[in-house]
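Asks: Model the following, please.
(2 chains)
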Amino acid sequence: MRVLVTTLQGGLVQVRVASDTATGGTEATAAETTGPNPIAPEGKELIWGAGSFLVFLVIMRVFLFPRIKKGMDARYNGIREDFESADSTRSAAKSDVSKYEAEIATVRAEAAARVDKARQTLDQERGNKIAEANARIATKRAAAEAELEAARNAVRDQVAAAVASVTEHTTQLAVGKSPDASVVQKAVQQVMQTGARS
Amino acid sequence: MFSTQFAVQKFAQVVSVLVSSEGGEAKPRGFSFPPINTILRWKDVVPGINKVVIIAILSAVIGTALFLVAAMKDARKAPKGSRNLAEIIVEFIEKNIIMETMGKDGMGWTPFLLTMFVFIYLCNLPGIIPFIQMPATARMGIPAFMALLVWVVFNATGIKHQGFFGYFKNVLFPPGVPKALYILVTPIELISTLVVRPFSLAVRLFANMLAGHLLLVIFALLTQALIQAQTQKFFLVPIGVLPFALLIFLTGFEILVAFLQAYIFTVLTAVYIGGATHPEH
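Replies: So this is what the prediction gives:
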């Protein structure tokens, strides 16, 4: 059977199916009638195909595949070992880091304790120094106050003596006779005490 | 009425042109699709060896060369080139075929399935290689042998693992099926396992590759016929671009088909072997 596609002048493509006897294609007819069925397997193709495949299979099974697979497995195992090694190294590094951090924490705690202790000592020393200074100040202040009081008393005595003298002299001028000194002094003392209170 | 007369006249013109061209007076324009025999049959290069045989032998040689070169490279280094390609194929067979169908127990079948996949793929691929353009599997010989081999292998595996009677008992009387259904199931399973499986394996591969090959031939001839058409219809020549575009598309598609058919054949082989090894699955 032949499929004919023919064009006409000015026409569309014409297609038809014709038998070989009708087309007169003697060569094609001979090929079709003498040749094997295109669907049926041809002996030489089957045998050579089988032979090729079986040889290929044997070479692959015995020699090539084991070498390829062995290399793949070796490399994969190497990679796996490298991963495991990396994991163990990472674990060791993590352990080192945690140990280091623990040591740092200990050192920091120790440093903080020392600092606290130093601060306490410093505070204590400072308190002592302040107390000593306060004591010294109090002593000096007491001495100064005593000195001041003494000076004040001395001044007061001087003022009292001066006032008594003035009073005696004034009274002598007014009355014509000199008053009793003890009475004048007593009166001056009373007035000065009254003035000091007021 | 007028249109009928016009149609008859045109038909007469067509017939006259066809008859005149077939009568040897003038060379027929257009093209005649050659008989399938002339597309598929190849003359012997040397006695007993034709193009299909050469492709089959070359497939084995190329496959061997690929894995030989790969095997000779240093496996400790990161794989490149042929080594990388070989390892990708091995991993593809192991992970995408064996692990999916047979599980880890099926790893021992890797060399067999790997060889089968590579061989079939390399037999399929020449269908789109310029100047070769003939898949060896588009002839029935190689698919028939491969299917027969698979049939022998999975039956032998079943008998080895389950014993002769155990295997055929599991094949003919699948566990879990109600006994009343055995009347229906047993003959179906018998025919399915022993006849249909190898037949469908062989025909699926052969028919797909043959169909692809014929499609490429058809579109190539149609392109040539349209471009070289002796016609006054000027638009017919540019229309030749359409079958040419389809030819390009189908050529790309045939690359996928070549891979897919090799994959399907190998997967089904793994499924059959896995089923024979573990009947409970």
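
Asks: what packs against the one helix or strand residue B:271 maps to?
Replies: Assigned by DSSP states H and E, residue B:271 falls within helix B:241-277. Using 3 or more C-beta pairs under 8 Å, 6 or more residues apart in numbering or on different chains; DSSP states H and E, the elements in contact with helix B:241-277 are helix B:99-101, helix B:110-124, helix B:141-162, helix B:197-227. C-beta here means a position set from N, CA and C on the backbone, and glycine is covered the same way.

Asks: hmm, try it at 10 Å
Replies: Contact analysis of helix B:241-277 by 3 or more C-beta pairs under 10 Å, 6 or more residues apart in numbering or on different chains; DSSP states H and E lists helix B:99-101, helix B:110-124, helix B:141-162, helix B:164-172, helix B:197-227 as its packing neighbours.

Asks: Need the pLDDT of residue A:136.
Replies: According to the predicted model, the pLDDT of residue A:136 comes to 94.

Asks: about what we covered before: show me which positions of the helix holding residue B:271 end up buried.
Replies: B:243-244, B:246-247, B:250-251, B:253-254, B:257-258, B:261-263, B:265-277 (16 or more other C-beta atoms under 10 Å in any protein chain shown).

Asks: Then stretch B:81-92?
Replies: Taking 16+ other C-beta under 10 Å as the criterion, stretch B:81-92 shows B:82, B:83, B:86, B:87, B:89, B:90 as buried.

Asks: want to throw those into TSV with pLDDT?
Replies: Listed next are the buried residues of stretch B:81-92 as TSV, based on pLDDT from 0 to 100:
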residue	pLDDT
B:82	87
B:83	89
B:86	93
B:87	92
B:89	95
B:90	94
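
Asks: Now tabulate those in CSV and tack on distance to residue B:65 and secondary structure.
Replies: What follows is those, written out as CSV (distance: C-beta to C-beta, whole Å; DSSP: H, G, I helix; E, B strand; the rest coil):
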residue, distance to residue B:65, secondary structure
B:82, 9, helix
B:83, 13, helix
B:86, 11, helix
B:87, 16, helix
B:89, 14, helix
B:90, 16, helix
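
Asks: Please identify which pair of those residues lies farthest apart.
Replies: By the measure C-beta to C-beta, B:82 and B:90 form the most distant pair in those, at 12.4 Å.

Asks: Give the residues shared as contacts by these two.
Replies: Counting by C-beta atoms under 10 Å, 6 or more residues apart in numbering or on different chains, the shared contacts of residue B:82 and residue B:90 are B:67, B:70.

Asks: give me the number of residues near the closest residue to chain B within chain A?
Replies: Sorted by distance to chain B under C-beta to the nearest C-beta, the residues of chain A start with residue A:71, at 2.4 Å. Applying the criterion other C-beta atoms under 10 Å in any protein chain shown, we find 21 residues in the vicinity of residue A:71.

Asks: I'd like the next helix or strand past the strand or helix carrying residue B:38.
Replies: Secondary structure here is read from DSSP H and E; on that basis residue B:38 sits in helix B:36-40. Tracing the chain C-terminally past helix B:36-40 and defining elements by DSSP H and E, one meets helix B:51-72 next.

Asks: for the stretch 101-250 of chain B, which spans come out with low pLDDT?
Replies: Per-residue confidence of the stretch 101-250 of chain B (counting by pLDDT under 70) places the weak regions at B:231-233.

Asks: check contacts around residue B:174.
Replies: With contact set as C-beta under 10 Å, 6+ apart, residue B:174 has these partners: B:181, B:182, B:185, B:186, B:189, B:279.

Asks: The same query, at a cut-off of 7 Å, please.
Replies: Under the criterion of C-beta atoms under 7 Å, 6 or more residues apart in numbering or on different chains, the contact list for residue B:174 reads B:185, B:189.
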